[in-house]
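Novice: Test case, fold it:
(one chain, ligands or ions: 1)
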Amino acid sequence: MPYIVALTGGIGSGKTTIANEFAKFGVPIVDADIIARQVVEPNTPAIDAIKSHFGKKIITLDGKLNRGLLREIIFSDPNEKRWLNALLHPLIQQETQKQLHQSNYPYVLWVVPLLIENNISHLANRVLVVDVTPEEQIQRTIKRDNISLEQVNNILKAQVSREKRLSYADDVITNHTKDSTIQDKVANLHNKYLSLAK
Ligand code: ATP
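Specialist: Just a heads-up that it's a prediction; the model follows:
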């Protein structure tokens, strides 16, 4: 069973950027966002259940989930949100366990943005937090996603605070803008995880 390192951080902190550096060493990456999409791909049991529950309107012409509409529905109706979570959480958990345990590498990097919010840090052997200032998060996210300051602030408010996230960290990697030492920091952590995994 591989050693599991959870990589987490707030929106725009640089999780993908850091994960890509680990991947260069050949570390297998399990991405919670990808899994959340995989379980509702066309022709999966979950998308069929969602269609039966919400009606045909929830599926686009090419058989995919109409995410915008689903988001609207669950935003305005907590019961529907509970229904959806009850359907998806076990499927996501199951797929996550499968992907985490199918590797032969000594450790796996599990990229999971909502590790703390969803109370699942106990599923990892170690927690690595990507840390930046809220100002950097805001600037990067506005630039990348072309959204308003208000929208970024709302997302930030829905996530745990920087302090709370850091309180869960076994390791912290700072990723300040234009930091040129990221590769060295990742190399050091990689060596540390290889020896911890032994
Ligand atoms: P999200 O959770 O929102 O998907 P994330 O934590 O995966 O974000 P990235 O997508 O890696 O973050 O980075 C957010 C943006 O900031 C990207 O456009 C990325 O290119 C940029 N970025 C990441 N690290 C740095 C850095 N050190 N200096 C400048 N820009 C950076």
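Novice: Those residues of the chain touching the ligand, which are they?
Specialist: Within reach of the ligand by C-beta under 6 Å from any ligand atom, the chain has these residues: 9, 11-17, 113, 140, 144, 175, 177-179. No exception for glycine: its C-beta is placed from N, CA and C like everyone else's.
Novice: Just the buried ones from these, in ChimeraX syntax?
Specialist: Buried subset of the residues of the chain next to the ligand, written as a ChimeraX selection, criterion 16 or more other C-beta atoms under 10 Å:
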select :9,11,12,13,14,15,16,113,140,175
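Novice: Spell out the secondary structure type for Ile138.
Specialist: Secondary structure for Ile138, judged by DSSP: H, G, I helix; E, B strand; the rest coil, is helix.
Novice: list the contacts for it?
Specialist: Ile138 sits next to Gly12, Leu149, Val152, Asn153, Leu156 when contact means C-beta atoms under 8 Å, 6 or more residues apart in numbering.
Novice: can you pull the buried residues of the helix or strand hosting the third one?
Specialist: Think Val152. Taking DSSP states H and E as the definition, Val152 sits inside helix 149-158. Neighbour-count burial for helix 149-158 flags Val152, Ile155, Leu156 (criterion: 16+ other C-beta under 10 Å).
Novice: can you check stretch 127-141 too?
Specialist: 127-132, 134, 136-141.
Novice: for stretch 117-129, same thing?
Specialist: For stretch 117-129, the neighbour count (16+ other C-beta under 10 Å) marks Ile120, Ser121, Leu123, Ala124, Asn125, Arg126, Val127, Leu128, Val129 as buried.
Novice: I'm done for today, thanks for sticking with me.
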